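1. here is a sequence with its predicted model. Questions after.
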Amino acid sequence: MQDFAGKLAVITGGASGVGRSLALALGAEGARVLVADVDQDGLERIEADLNDKLIDGDTQYCDVSDPESVEALASWAFGELGGAHLVFANAGVSAGEAGNLWDYSPHDWQWTFGVNFWGALNTINAFMPRLTAQGDEAHFVTTSSGNGAFIVYPDQPIYSATKAAVAVVTEALHIQTRRQQSPVKVHVLFPGPHIVDTGIFDSDRVRPEAFEKPADAPDTGIRTAEDLRKIMELMGQELRLTHPDEVAQSAIDGIRNDQFWIAPMNPDSKEKIRARFDSILNQSEFPIPTLG
Ligand SMILES: NC(=O)c1ccc[n+]([C@@H]2O[C@H](COP(=O)([O-])OP(=O)(O)OC[C@H]3O[C@@H](n4cnc5c(N)ncnc54)[C@H](O)[C@@H]3O)[C@@H](O)[C@H]2O)c1
């Protein structure tokens, strides 16, 4: 798809970060946008931003971890709004796990898998049948992460596991749709080339009470990219950041170029991926990956 004008783009997790940038960038290309999120205040803010920029946009509360909520979103997009041609399963959280893996709270595992993995799958299940039946060229994009899908960083195994799962399911979906010569093109987005400066460090702002972190759980103390920068500096490492607008542009370019892997990467990440795959192929030990 080259021309987005008049097309409806549905973006989950669109009230902040990468999703917000996607909504504004696609709107600037003439697309109509439907932003879905659990953050009501964030939805009000993005609605005001869309209005300011004269973008034809709607917002809807949607909890991607709840299949009925995603079904309601799809039903609205394909009913009242006349169908969608771009769907971004983008909502995601990080539980801020710290310490030993075997000590993590089940709430951290359940919440993160609920949003990141089940959220993506619920979005596939609600939208793919409708996109397929519509019969027009359309694009379905999941947001994974190099953290998990390409490199296993040792300190965020819950997040990494969810993102590896998203990448695997998306790859299978891509192969299935390609085999059927479906008009629905599937892509997987890996925001980068560096850590993206978004609200992900403070995902707890939208953590439901049912998955509350136990009061005695270890805390990373990281709530912003700036917090992470300070910790990395203490370890003698430099934090380089990517703006989410750059990620949105990569996604748009990737859709236009019909790329399955939309994965802007820096040379350091490439080196880590090579080292990991070498160790798999050679069955040898690998260097412990460090962030950055
Ligand atoms: N920031 C990075 O460096 C980075 C890197 C790789 C991948 N990602 C991925 O990018 C995606 C967007 O994250 P971001 O970095 O922009 O963070 P963000 O916190 O700025 O945005 C995530 C959005 O998801 C929403 N959300 C959370 N739970 C939800 C739920 N149950 N239902 C619907 N919406 C929900 C949040 O309210 C928020 O608006 C995520 O999937 C994340 O894992 C981010």
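-> Done, it's in. From a predicted model like this one, the values you see are computed outputs, not experimental measurements.

2. from here on, contacts and neighbour counts on C-alpha atoms
-> Will do.

3. the ligand contacts on the stretch 51-200 of the chain?
-> 62-65, 90-93, 115, 143-145, 190-191, 195-200 (CA under 6 Å from any ligand atom).

4. ok, now with 8 Å
-> Within reach of the ligand by CA under 8 Å from any ligand atom, the stretch 51-200 of the chain has these residues: 61-66, 89-94, 114-116, 119, 143-147, 159, 163, 189-192, 194-200.

5. pLDDT at residue 57, what is it?
-> Residue 57 is assigned 98 on the pLDDT scale.

6. do you know how far it is from residue 23?
-> 9 Å (CA to CA, to the nearest Å).

7. overlap in contacts of those two?
-> Taking CA atoms under 8 Å, 6 or more residues apart in numbering as the contact rule, residue 57 and residue 23 both touch 33, 35.

8. hey, which helix or strand in the protein has the poorest pLDDT?
-> helix 225-234 (a mean of 93; mean pLDDT, DSSP states H and E).

9. from the residues of the stretch 51-200 of the chain next to the ligand, keep the buried residues only.
-> Buried by 16 or more other CA atoms under 10 Å: 61-65, 89-94, 114-116, 119, 143-147, 159, 163, 189-192, 194-200, out of those.

10. hmm, who's touching the biggest helix by length in the chain?
-> In the chain, assigned by DSSP state H, the helix with the most residues is helix 157-179. Under the contact criterion CA under 8 Å, 6+ apart, helix 157-179 has outside partners 93-95, 97, 101, 108-109, 112-113, 116-117, 120, 142-150, 152-153, 184-188, 260.

11. and if we set it to 7 Å?
-> 94, 109, 112-113, 116-117, 120, 142, 144-145, 147-149, 152, 186, 188 (CA atoms under 7 Å, 6 or more residues apart in numbering).

12. identify the residues contacting the nearest residue to residue 118 once chain neighbours are set aside.
-> Once flanking residues are discounted, residue 118 sits nearest to residue 65: 5.7 Å by CA to CA, 6 or more residues apart in numbering. Neighbouring residues of residue 65 by CA under 7 Å, 6+ apart: 114-115, 118-119.

13. ok, now residue 42?
-> 15-16.

14. am I right that it is in a strand?
-> No. Counting by DSSP: H, G, I helix; E, B strand; the rest coil, one finds residue 42 to be helix, located in no strand.

15. okay, now the residue nearest to residue 156 when sequence neighbours are not counted: neighbour count?
-> The shortest distance from residue 156 to any residue other than its chain neighbours is 6.2 Å, reached at residue 97 (CA to CA, 6+ apart). Other residues near residue 97 come to 22 when the count uses other CA atoms under 10 Å.

16. and residue 97, how far from the ligand?
-> As judged by CA to the nearest ligand atom, to the nearest Å, residue 97 and the ligand stand 14 Å apart.

17. give the helix, strand or coil label for that residue.
-> Recorded secondary structure, residue 97: coil (three-state DSSP).

18. pick the one among the contacts of residue 65 closest to the ligand.
-> residue 115 (4.9 Å; CA to the nearest ligand atom).

19. low-confidence stretches in the stretch 101-250 of the chain?
-> The stretch 101-250 of the chain contains no residues with pLDDT under 70.

20. and the strands in it?
-> 138-143, 184-189, 195-196, 241-242 (DSSP state E, counting those that start in this stretch).

21. now tabulate those strands in JSON lines and tack on distance to residue 43.
-> Compiled in JSON lines, those are given as follows (distance: least, CA to CA, whole Å):
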{"stretch": "strand 138-143", "distance to residue 43": "20"}
{"stretch": "strand 184-189", "distance to residue 43": "23"}
{"stretch": "strand 195-196", "distance to residue 43": "20"}
{"stretch": "strand 241-242", "distance to residue 43": "23"}
